[in-house]
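> Give me the fold of what follows.
(chains A and B)
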Amino acid sequence: MEEYEELLYEQDDFEEQFADELEVLAEMDVEPPKPLARQNQRTGDDIADIEHLLDDQPTTPKAKRQKQETGVVKRLFSQKSKPPPQGTDITPPSSPEQYEPSQTLRSASASLDISGFATIPETPVPAPSVVPPSLHVLRRPPLQGDFITVTDSSGTRVYLRQKEDTGPKIVDSRMAPNFQGSLGLLAVPINVLREQEAERRHQQVVEESQRLTELLTSSVNNVIVEPELEEEEEEESSKGVDDDGQTSRLWVDRFSPRQYTELLSDDFTNRCLLKWLKLWDTVVFGKERKIRAPRTDRQAPNQHTFKPNQSNQNPNRFKTKIEMTEEILDAELDQYKRPKYKVALLSGPPGLGKTTLAHIIAKHAGYNVVEINASDDRSAEVFQKRIDMATQMKSVLGANERPNCLIIDEIDGAPAAAINILLATLNRKDGPGAEAASEAAKKKKKKESILLRPIICICNDLYVPALRPLRQQAFLLAFPQTQPSRLAQRLSEISLRQGMKTDTGALMSLCEKTDNDIRSCINTLQFLHGRGYKQLDTRTIQCLSVGQKDQNKGLFHLWQEIFQLPRTKRKRFGGGFEEAPSSGGGAQRFQHILHLSSSSGEYEKVSQGLYDNFLSMRVRDPHMHSVCDALEWLAFSDRLNQMILHNQNFSLMKYLPFLSVTFHFLFAHTHVPRIKYPHSHHEATSRLLTSSYALSSMLADIPACIRSRISTLTLTLDILTLLLNIICPKLRPVNPQLFSNREKEQMHELINTMLAYNLSYRQDRTLEGQYTYVLEPRVEEVVRFPGLPPHRQLTYQAKQTISREMEQERMRRAERMMLQRNPAAREEEKKSSGPKASSNHQQRLENIVKQTTVETRPEKDFFGRAIAPKPERLQPSSLTGEKSSVLAMGRAVGNSDVWFRFNEGMSNAVRRNVYIRELL
Amino acid sequence: MSLWVDKYRPTSLGKLDFHKEQATQLKNLVQCGDFPHLLVYGPSGAGKKTRIMGLLRELYGVGVEKLRIEHQTIVAPSKKKIEINTIASNYHLEVNPSDAGNQDRVVIQELIKTVAQSQQIQSSTQREFKVVLLTEVDRLTKDAQHALRRTMEKYMATCRLILCSNSTSRVIGPIRSRCLAIRVPLPSTEEVCSVLTSVCKKEGLLLPPELAKRISEKSGRNLRKALLMCEACRVHQYPFSVDQEVPETDWEVYLRETANAVVSQQSPQRLLEVRARLYELLTHCIPPEIIMKGLVRELLNNCDGQLKTEVSHMAAHYEHRLQLGNKAIYHLEAFTAKFMAMYKKFMEDGLDDMMF
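Got it, this is the predicted structure:
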């Protein structure tokens, strides 16, 4: 690749050296007939074009620009005054060393070649050698000033004179090798040729100017031609600056649209933004909302030309989106008469003209643009200050000074803190009492605090995490691709003005190459122009290694490209390609996919996406061979990856992108693939992690004697499923106190097992509000598989019982441990826990019986006096009622085996009357 | 300690139920008070650990049964902290270095060195060496195994290693040659049956011999599994009946169903379903080798004799690559797809032959 480039440079040397000559010649060739041609084929479109050319470049600004340019030249000159500025000027910054003045020998050989080489183009040979030195050398500030002021026809005179002024030395240095080198290769000496050429040019120019003046006087709409003329003149001058080597202005800036109607971006987007901005009129300018009649009027020519096109291309793509956006735009203003969305957020890939659009629309709507971009400091404090300054300051210089409109460019790079500040500014609330009740000063103060100016934010990536909060509050405008037809038209205008011969096909292919990136297109064009290409065709552009953006598209785009056969290709190329889609197309597709996937770089993600999606592609594969192949490749890339990571052998990485190519050839289909984002791997990893956490948390607290016998592996493979079966015995759904001995033993074992394996039940509340007991740690999920017959589960009651028993057992053990450690306490404990041997319900009964015996002691009233039991028994007061019931119960307990206790109160549960005979 | 597996586990070499000859050999081995490094290997559930513990008990007495879990933190040279659990008694230390994943080399180097370098204080009453028991040696990385080589020789005086693994195939040669290899094979069906019966007897249960046989077959002679199954049976239904259902581990059932799905239909859609099932298995902590093995076993049951050699050859190929690679699912699926393609072709060929 590099070698090629070098070669390219070598070749280009010559053309570059004589770029300006060629350029001028080309202009000579192209420009003169232009007005005529224009006149002939002038369509309505053209008129519109020129009309707005006219009103965007009135005479006064032009003069200003010229002045500016001279200023630039002046500065340049002052810098370069000491070293002789000969060849350095044209060189693009990429290879300046080739043009160093010391390398005379080299330039000699170069010009030697050129003399032979230059015969190839159809322009006359001598021309290059005649004009360039003059052009080069003679651009001196004082003279430059002269040059600008004089009219077109007298321009040539100035050239000639200037050449004699300062040129000779340099001309000599340049010419000498040419003289020696040519050695009579030319039939006529170069000097003569040069003079002839100069003469010829002069004549031509004179003729041309005469014809133009005639036209001017004769034609009715002379207005159309005049700007053309001025334009040329201006270009001439600016080209002069260019030719001096310092490309002071990029074409992108020179030809950037200055008016709404010149915008290249999608009409709908433009209109939406403008509409949104107009919503602010009420609060900013105090105007009432109007019907959008004037706006549509304004846009008429543009719409007229492009509307049908657009509606053809995407009839249903934006339909819902359009409706939604319209809805947003028609929404009511809020209480401060601001639109609902305070911020517009433009998003889209670079080079679509977002910044330009924002600027132009803001200007168009009558705002003064304040821009903050990534080059500014965007730390939180500074940002706050800037926002406040832009939105709340009032200009005091003039009464009708325009209000500010804040444009925050490249906001996706801003820190989250800055965006939060922006949000805070948006949401700043005014007190509700601000209308009338509060005094004037207060009101004023408050008025200041809320946001009353529009803010336009611009970003490339809408889905940067930092922008997430802003997204919800912003009027989102996604930029669609620029239409290649419009872009190509603009490019052809530019190239026409710059004197490059182009055709639509070439420009279209340029558009395609740069993905309709306006900036990139124009830059490439300028680059080519600077390189001396004066003629562009499709082939040149396709062979060229410049202009191709090394950007990485989204992963989805890549996957789409991989799984979809290219369809548009055939349309684009001529018959040659169409005939052999398998051979030429195959190689091309190969290269294309390879390029895409290697530029994306996220091989892991890419291959994961391929893996997740390839089986759902609609590919006929009855024998599953391609599936096998694909998996073979995936396995290969996995091994490759492992090798790379393990051995740190990153040179193997170059083989990774081929996976995508394979998949393309195996599975590409004409249908638009439906691609899902690959979650499977991530999901699997996270689930695996949860499982292993559950297992390790289970293992962590298993006593050592058991722990030493099991490992994670045996746990999952052998033990766990069966263990879960074992801990689900059949339990009678009764109170554990009523278990038989055998059942008690079983229960005891169960609890021992669960404790030994560190399992327990934990009460949990489901989303529906039900309580359940879940096994903790959650190993159940580790061993249970979906789709298998469910295992027996214990009932809620059983689990409850188990968990309670376990709690008790645990406490018992802890106690025992404590006692073991601290034998002194044992004695005490023995005493206290002596009667504890009896089971629970017995204890309770005993208690109750005890209570009753206590109750039978002489009752005392509130004041501690003994009361005769008799009257109380007869008249149970509310205070003693319970006691008496307990008493009664105690007696009942004492007398019979069956007893029950009635708790006062009520329950909301279903009640029905049950008679005792029903129970019997 | 209430699972039968734990309750009735023999604690000394003399009480072992099967491979008694080997037990006596082991006893004789430690009789003189010293023994070489050991590499105990054999399938899961054959009683490797039981034998090792019996050996240690023979060597040190009852003291080795007083176990404690220790959490050790080792700082790797890269300043990364590695937490690892060890089970230790006063006489030995049990580590599973593969818990540390890729950093197992550091565990080997640091942990074993610290143990091995410390001398026993009272060498008169105790053995002069400690024992380090390394489990799951076959899951060690190559780095760790190489780190082990030198350590084994250098600290021979103060430390004996007992390595415990399922197979020796992933233990590097140098280590194998430094150890006395002891293979503990699975008990025979009869042995499993007798163990089951004796355990049931101790529990006071009556186990019909048919059921015992069925359990032992279903458990694949894995004694641990057999005992657990028996206990699960007991929980499920008692008194035992001859034809009662023996619970199985879920993953085996799931794997069998997966294999059936592969055999019943061969298409990309089916492969997608199988992929979901394979993922399911993997996320349930089932190692890919075991999935592969189980899958092959089930597939072989289902396919024609002619295909069997080819399928097993393929399985070997893909399992090898699975070991080399990182993402198990790719290789498992590649194997499945290959099998599908092969099986389909075979079936179609068979159909063609029938038609003509």
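> Tell me where the chain has strands.
All of this refers to chain A. Applying DSSP state E to chain A gives strands spanning A:343-347, A:368-372, A:404-408, A:455-459, A:474-478, A:760-765, A:771-776.
> my question was about chain B
Assigned by DSSP E, chain B shows strands spanning B:38-41, B:68-75, B:81-88, B:92-95, B:130-135, B:159-165, B:180-183.
> Can you add mean neighbour count and give those back as a markdown table?
From N, CA and C alone the C-beta is placed, and that goes for glycine too. Listed next are the strands of chain B as a markdown table, based on neighbours: other Cβ atoms under 10 Å in any protein chain shown:
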| stretch | mean neighbour count |
| --- | --- |
| strand B:38-41 | 24 |
| strand B:68-75 | 13 |
| strand B:81-88 | 17 |
| strand B:92-95 | 24 |
| strand B:130-135 | 24 |
| strand B:159-165 | 24 |
| strand B:180-183 | 15 |
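> Would you format those strands as CSV with mean pLDDT included?
CSV is the format used below for the strands of chain B (pLDDT from 0 to 100):
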stretch, mean pLDDT
strand B:38-41, 94
strand B:68-75, 88
strand B:81-88, 88
strand B:92-95, 90
strand B:130-135, 90
strand B:159-165, 91
strand B:180-183, 92
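> got these as TSV, with distance to chain A columns?
Shown next, in TSV, are the strands of chain B (distance: least, Cβ to the nearest Cβ, whole Å):
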stretch	distance to chain A
strand B:38-41	14
strand B:68-75	5
strand B:81-88	5
strand B:92-95	6
strand B:130-135	6
strand B:159-165	10
strand B:180-183	18
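> what pLDDT does B:Asn222 get?
For B:Asn222, the model assigns a pLDDT of 91.
> For it, give me its contacts.
A:718, B:43-46, B:186 (Cβ atoms under 8 Å, 6 or more residues apart in numbering or on different chains).
> Spatially, what comes nearest to A:Tyr603 if we skip its sequence neighbours?
Counting by Cβ to Cβ, 6 or more residues apart in numbering or on different chains, A:Tyr603 lies nearest to A:Leu656, which is 4.3 Å off, once chain neighbours are set aside.
> coming back round to it: JSON lines for the strands of chain B, including distance to A:Ile419?
Putting these into JSON lines (distance: least, Cβ to Cβ, whole Å) gives the following:
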{"stretch": "strand B:38-41", "distance to A:Ile419": "61"}
{"stretch": "strand B:68-75", "distance to A:Ile419": "41"}
{"stretch": "strand B:81-88", "distance to A:Ile419": "37"}
{"stretch": "strand B:92-95", "distance to A:Ile419": "51"}
{"stretch": "strand B:130-135", "distance to A:Ile419": "53"}
{"stretch": "strand B:159-165", "distance to A:Ile419": "56"}
{"stretch": "strand B:180-183", "distance to A:Ile419": "66"}
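> Residue 345: what's it in contact with?
No chain in the question, so chain A it is. Contacts for A:Leu345 (Cβ under 8 Å, 6+ apart) come out as A:411, A:457-459, A:462, A:467, A:470-471, A:474-477.
> that's the wrong chain, I meant chain B
By Cβ under 8 Å, 6+ apart, the contact set of B:Lys345 is A:His623.
> All the helices of the stretch 101-250 of chain B, in order from the start?
For the stretch 101-250 of chain B, the helices defined by DSSP state H, counting those that start in this stretch cover B:104-107, B:113-117, B:142-154, B:173-178, B:189-203, B:209-218, B:223-236, B:250-264.
> Of these, which shows the lowest average pLDDT?
Among the helices of the stretch 101-250 of chain B, helix B:113-117 scores lowest, at a mean of 78.
> from memory B:Gln103 sits against B:Lys80, does it?
Yes - counting by Cβ atoms under 8 Å, B:Gln103 touches B:Lys80, with 6.9 Å between them.
> Compare these two and say which is more crowded by neighbours.
The neighbour comparison of B:Gln103 against B:Lys80 (other Cβ atoms under 10 Å in any protein chain shown) goes to B:Gln103, with 21 against 10.
> Which residue, other than its chain neighbours, is closest to that one?
Distance criterion Cβ to Cβ, 6+ apart; nearest residue to B:Gln103, sequence neighbours excluded, is B:Ile82 at 5.1 Å.
> what residues are up against that neighbour?
By Cβ under 8 Å, 6+ apart, the contact list for B:Ile82 reads B:73-76, B:100, B:103, B:106-107.
> Looking at those residues, spot the one nearest A:Glu195.
Closest approach to A:Glu195 among the contacts of B:Ile82 (Cβ to Cβ): B:Ala76, at 83.7 Å.
> right, so of the helices of the stretch 101-250 of chain B, which gets closest to A:Leu699?
helix B:223-236 (16.0 Å).
> Helix B:189-203 and the closest one, what's the angle between them?
Angle, helix B:223-236 to helix B:189-203, by axes from the mean of the first three to the mean of the last three Cα atoms, to 10 degrees: 50 degrees.
> Excluding chain neighbours, what is closest to the residue in the stretch 501-650 of chain A positioned nearest to chain B?
In the stretch 501-650 of chain A, the residue found nearest to chain B is A:Leu631; the distance is 3.8 Å by Cβ to the nearest Cβ. Excluding the flanking residues, the one nearest A:Leu631 by Cβ to Cβ, 6+ apart is B:Ala334, at 3.8 Å.
> For the stretch 251-356 of chain B, which residues are neighbours of chain A?
Neighbours of chain A within the stretch 251-356 of chain B, by Cβ under 8 Å from any Cβ of the partner chain: B:251, B:253-254, B:257, B:266-269, B:271-272, B:275, B:279-287, B:290, B:318, B:321, B:324-327, B:329-331, B:333-334, B:337-338, B:340-341, B:344-345.
> Would you mind listing which of these are buried?
The neighbour count (16 or more other Cβ atoms under 10 Å in any protein chain shown) marks B:251, B:254, B:266, B:268, B:271, B:275, B:279-287, B:290, B:318, B:321, B:325, B:327, B:329-331, B:333-334, B:337-338, B:340-341, B:344 as buried among these.
> Okay, domains of chain B per the record?
Chain B is divided into the following domains under automatic domain parsing: B:4-183, B:189-236, B:251-355.
> these two touch, right, A:Met617 and A:Arg674?
No - A:Met617 lies out of contact with A:Arg674 (Cβ under 8 Å); the separation is 9.2 Å.
> per-residue confidence at residue 185?
Just so you know, I chose chain A. A:Leu185 is assigned a pLDDT of 65 by the prediction.
> Let me rephrase: I mean chain B.
For B:Pro185, the model assigns a pLDDT of 93.
> tell me the contacts of it?
Counted by Cβ under 8 Å, 6+ apart, B:Pro185 has contacts B:19, B:42-43, B:46.
> Tell me which residue of the stretch 751-900 of chain A lies closest to chain B.
The minimum distance from the stretch 751-900 of chain A to chain B, using Cβ to the nearest Cβ, falls at A:Asn752 (3.7 Å).
> Pull the number of nearby residues for the closest residue to that residue other than its chain neighbours.
Using Cβ to Cβ, 6+ apart and skipping residues adjacent in sequence, the residue nearest A:Asn752 is B:Ser2, 3.7 Å away. Using other Cβ under 10 Å, B:Ser2 has 18 neighbouring residues.
> Surely B:Ser2 and A:Thr753 touch.
Yes - contact between B:Ser2 and A:Thr753 holds when scored by Cβ under 8 Å: they sit 4.6 Å apart.
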